[in-house]
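Novice: with the input below, show me the fold.
(chains A and B)
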Number of protein chains: 2
Amino acid sequence: MSTTLPICVSLGPGDPELITLKALRTLQKVDTIYCPATILKEKVVSRSLDIMLEVGIDKQKIELFHVPMSRERSGAEEAYLTVAKRIREDYEDGKEIAFVAEGDCGFYSSAHYISDYLFEMGIDTGRVAGVPAFIACGALARLHIVSQDEVLNVIPTNITTERISAILGQGGTVVIMKLSLHEEAIKKAMQSIPDATFHYFENVGLPEKEIYTSDRDFILSRKFPYFAIMIIKR
Amino acid sequence: MSTTLPICVSLGPGDPELITLKALRTLQKVDTIYCPATILKEKVVSRSLDIMLEVGIDKQKIELFHVPMSRERSGAEEAYLTVAKRIREDYEDGKEIAFVAEGDCGFYSSAHYISDYLFEMGIDTGRVAGVPAFIACGALARLHIVSQDEVLNVIPTNITTERISAILGQGGTVVIMKLSLHEEAIKKAMQSIPDATFHYFENVGLPEKEIYTSDRDFILSRKFPYFAIMIIKR
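Specialist: Coordinates of the predicted model:
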């Protein structure tokens, strides 16, 4: 049995420099790092892996695991269970283990499946906090995401014009993640709420691919990818 | 005129190791760093300064400025205006300047007063994102702050039992900052909502002073300090 609990390490929003010192030192110290990857057009894609390689983590100790991208969650859950079992074996063999997630691993992250499975197996886990993606979006746009008495609402589902209006009317800011799932509802809201600013972000943290705009015509004509984010303020 | 814009650097929630690489490198590189401090019982107190000294930033280039702690904001606003004017002078003299904030400087931070004043003077500013305090609280408690379809609500004011109940009833998580301002309302809510868990945090990131508990009796008997945070989940 290792004397160090398996630890979930947050990698931040994508820019490798936005990893924390604590995350970096933890990744340097552990024996093995489990890292999610997906297969897109027969190519292995992992932004988490890219971040770790850019900050100089030894590739030899990184173990990729494949998470199927699908609305149907059972494949993903099975992948997480398999990883949890491998982490348990390593932990019982005395190894120090990390598993990683983009952004922060407690904030809309799938990494909790792994810690939940480990918990069911009687193994507690540690955590290293990270910068969530919407916080990096705010920095890119130099927005005060929220200040003073403003309410923040992150709404991942059931997005309607009425709901956005109600939140903005109460002096709140709305953050919407996974935009591709809500494209129609958001574009409808944009046409119905003329006095709000819709801040639109794609690929924040990847300098060549990063997009930030609050231009309505651009946003209305854009096909939203899955990982786009919107911050709405009045 | 400097070729580098003055930059607002987020220091993270208090644990010096939760600073990002980008923040650290920016602070190492600039000529002068403006850092907020308050005077408590005739002693200068600055958690931001403590963080920077712990990660090895040269004390010689840190310039403290005093922000009066008061509900009446005019003293604080005057302090921010004075700093903005000093930053402008330094910037025009060709120096590279940073100003710092705990947590993330776009998330309920007073640092925006400085960038707003600079903007009015025709000087744009850069930003480095950081880990907000509630994200560090989630990591300490190993909470899934929000996952899947859960809504996040950060409510800084007008806290009532009805409001908390409504958010929890819709599958949401509630984060409340600056607890001392809402002590009575929160304790009332705790007594009226028996099926929710109230996660209470003080001084997250300061190992000797850190408190995390979800014990109702402890929380109800506690006098909340200003910087305590609550995360409420059902």
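
Novice: gap between the longest helix along chain A and the chain center?
Specialist: Using DSSP state H, we find that the single longest helix of chain A is helix A:74-92. Centroid separation between helix A:74-92 and its chain, computed with Cα atoms, centre = their mean, to the nearest Å, is 20 Å.

Novice: what helices and strands are in contact with the helix or strand that comes right after it?
Specialist: Using DSSP states H and E, the helix or strand that follows helix A:74-92 in sequence is strand A:97-101. Contact analysis of strand A:97-101 by 3 or more Cβ pairs under 8 Å, 6 or more residues apart in numbering or on different chains; DSSP states H and E lists strand A:7-10, helix A:21-29, strand A:32-40, helix A:47-54, helix A:74-92, helix A:111-120 as its packing neighbours. Yep, even glycine has a C-beta here, placed from its N, CA and C like the rest.

Novice: re earlier: now the angle between strand A:32-40 and the longest helix of chain A, please.
Specialist: 160 degrees (axes from the mean of the first three to the mean of the last three Cα atoms, to 10 degrees).

Novice: for helix A:74-92, packing partners?
Specialist: Using 3+ Cβ pairs under 8 Å, 6+ apart, helix A:74-92 sits against strand A:32-40, strand A:62-66, strand A:97-101, helix A:111-120.

Novice: which of the helices and strands packed on strand A:97-101 sits closest to B:Glu77?
Specialist: Taking Cβ to Cβ, helix A:21-29 is the member of the helices and strands packed on strand A:97-101 nearest to B:Glu77, at 33.2 Å.

Novice: can you list contacts of the closest one?
Specialist: A:7, A:9-12, A:33, A:52, A:55, A:57, A:96, A:98, A:100, A:128-130, B:15-21, B:24, B:55 (Cβ atoms under 8 Å, 6 or more residues apart in numbering or on different chains).

Novice: tell me the buried residues within these.
Specialist: Buried by 16 or more other Cβ atoms under 10 Å in any protein chain shown: A:7, A:9-12, A:33, A:52, A:57, A:96, A:98, A:100, A:128-130, B:15-21, B:24, out of those.

Novice: which intervals of chain A have sub-threshold pLDDT?
Specialist: A:71-72 (pLDDT under 70).

Novice: one more pass at 80, please.
Specialist: Counting by pLDDT under 80, chain A shows low-confidence ranges at A:69-74.

Novice: A:Leu143: what secondary structure?
Specialist: coil (DSSP: H, G, I helix; E, B strand; the rest coil).

Novice: one more: the one 10 residues further on?
Specialist: Here A:Asn153 takes the strand state, with states given by three-state DSSP.

Novice: hmm, back to that, out of the helices and strands packed on strand A:97-101, which one sits most buried?
Specialist: Mean neighbour counts were taken over the helices and strands packed on strand A:97-101 using mean count of other Cβ atoms under 10 Å in any protein chain shown, and the top value, a mean of 26, falls to strand A:7-10.

Novice: contacts for that strand?
Specialist: Counting by Cβ under 8 Å, 6+ apart, A:20, A:23, A:26-27, A:30, A:33, A:97-105, A:109, A:111, A:114-115, A:125-131, B:139 sit against strand A:7-10.

Novice: now do stretch A:148-157
Specialist: The list of residues contacting stretch A:148-157 from outside it, by Cβ under 8 Å, 6+ apart, reads A:108, A:134, A:145-146, A:163, A:167, A:170-178, A:181, B:108, B:146, B:148-158.

Novice: would you work out how far apart the start and end of that stretch are?
Specialist: From its first residue to its last, stretch A:148-157 covers 26 Å (Cα to Cα, to the nearest Å).

Novice: buried sites along it?
Specialist: Going by 16+ other Cβ under 10 Å, stretch A:148-157 has these buried residues: A:150-156.

Novice: ok, which of the helices and strands packed on helix A:74-92 comes nearest A:Ile232?
Specialist: Across the helices and strands packed on helix A:74-92, closest to A:Ile232 is strand A:97-101 (Cβ to Cβ), at 25.7 Å.

Novice: report the inter-axis angle for that closest one versus strand A:62-66.
Specialist: 50 degrees.

Novice: where's strand A:97-101 relative to the chain centroid, distance-wise?
Specialist: How far strand A:97-101 lies from its chain's middle: 14 Å, per Cα atoms, centre = their mean.

Novice: one more: stretch A:196-209?
Specialist: With Cα atoms, centre = their mean, you get 14 Å for stretch A:196-209.

Novice: what residues sit buried inside it?
Specialist: Using 16+ other Cβ under 10 Å as the test for burial, stretch A:196-209 gives A:196, A:198-205.

Novice: start and end of it, how far apart?
Specialist: The separation between the terminal residues of stretch A:196-209, taken as Cα to Cα, is 26 Å.

Novice: was I right to think A:Glu92 contacts A:Met1?
Specialist: Yes. A:Glu92 is in contact with A:Met1 according to Cβ atoms under 8 Å; the separation is 5.9 Å.

Novice: residue contacts, A:Val45?
Specialist: A:37-39 are the contacts of A:Val45 under Cβ under 8 Å, 6+ apart.

Novice: wait, which of those residues is closest to chain B?
Specialist: A:Thr38 (18.4 Å; Cβ to the nearest Cβ).

Novice: my read: the closest one touches A:Ser46, true?
Specialist: Yes. The pair A:Thr38 / A:Ser46 is scored as a contact, 7.3 Å apart, by Cβ under 8 Å.

Novice: nice, that's everything, thank you.
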